[in-house]
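Participant: following is a predicted model, sequence given first.
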Amino acid sequence: MIKKISAENIKELRNKTGAGMMDCKKALEATEGKIDLAIENLRKKGLASANKKSTRVATEGLIESYIHAGSRIGVLVELNCETDFVARQEQFHNLAKNIAMQVAACQFVEYVSIHDIPETIVIKEKNLEMDKDDIINKPEEIKKQIVKGRIRKRLQELSLMDQPFIKNPEISVEELVKQHIALLGENIKVRRFQRFLLGEGLEKKVDDFTQEVSNIISGY
């Protein structure tokens, strides 16, 4: 016999996950009213369809900011979803904050994903790798394979979505976003970000700027 689920329980689960009312009701019935298990079931169900949601239009969301301790690194991130309802959810806000912190921590990241990297950058990186001394005398096919691997690694370094999540390096930022697509039931996209480093672009008389940036982010 299915346990009767109260409207309050359904509302609580909806507020925590952003899932539809009927999905929440079914998840609670399947778990005999246990909220934590219902959340997990909704997450697993959503993961299976996360890729299907990736083509859906996402024009709502928010712009999140993060200022690192010492006020020397700042980040702005635009995170999009499909509805204002999801945009107001605590989980969505936490995701935006975590992504902003990720950008602050990854000084070499310049693009949201590998697909956003201009072809001119890819060609430039390939040319640089092809001329390196350690492979210059290797057979052409071997050289191409080595360069292909190095380029893949280099492009991943530039891509936010390919970074290991700083709070759980076992998953990537892309996987983190997909988990939230599953949890909240909507397409979620990182549209853009901007990192601000105090003094960037200004002439430094004494300090080495690269070393200074490394020192700033070493707290992660």
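Facilitator: Everything's here; your move.

Participant: now do the spatially most central residue of the chain, the pLDDT please.
Facilitator: Nearest to the mean C-alpha position of the chain, counting by CA atoms, centre = their mean, stands V173 at 3.5 Å. For V173, the pLDDT comes out at 95.

Participant: show me where the protein has its helices.
Facilitator: According to DSSP state H, the chain carries its helices in the segments 7-17, 21-30, 35-53, 84-87, 90-105, 119-130, 140-158, 173-184, 209-217.

Participant: what about G149, distance to E140?
Facilitator: Counting by CB to CB, to the nearest Å, the gap from G149 to E140 is 15 Å. Backbone N, C-alpha and C define where each C-beta goes, glycine included.

Participant: so which of those two has more stuff around it?
Facilitator: Between G149 and E140, G149 has the larger neighbour count (other CB atoms under 10 Å), namely 11 against 8.

Participant: any idea how far R88 is from that one?
Facilitator: G149 is 44 Å from R88, by CB to CB.

Participant: tally up the residues packed near the residue lying closest to V147 once chain neighbours are set aside, please.
Facilitator: Counting by CB to CB, 6 or more residues apart in numbering, E129 is the residue found nearest to V147 once chain neighbours are left out, at 4.5 Å. Around E129 there are 18 other residues, counting by other CB under 10 Å.

Participant: ditto for T31
Facilitator: Other residues close to T31 by other CB under 10 Å number 19.

Participant: and the pLDDT at it?
Facilitator: Reported pLDDT for T31: 88.

Participant: also L47?
Facilitator: 58.

Participant: could you do the one 10 residues further on as well?
Facilitator: What the model reports as pLDDT for V57 is 77.

Participant: wait, isn't it in contact with E82?
Facilitator: Yes. Between V57 and E82 there is a contact under CB atoms under 8 Å: 6.9 Å.

Participant: so for the two, which sits in the more crowded spot?
Facilitator: E82 (20 against 9).
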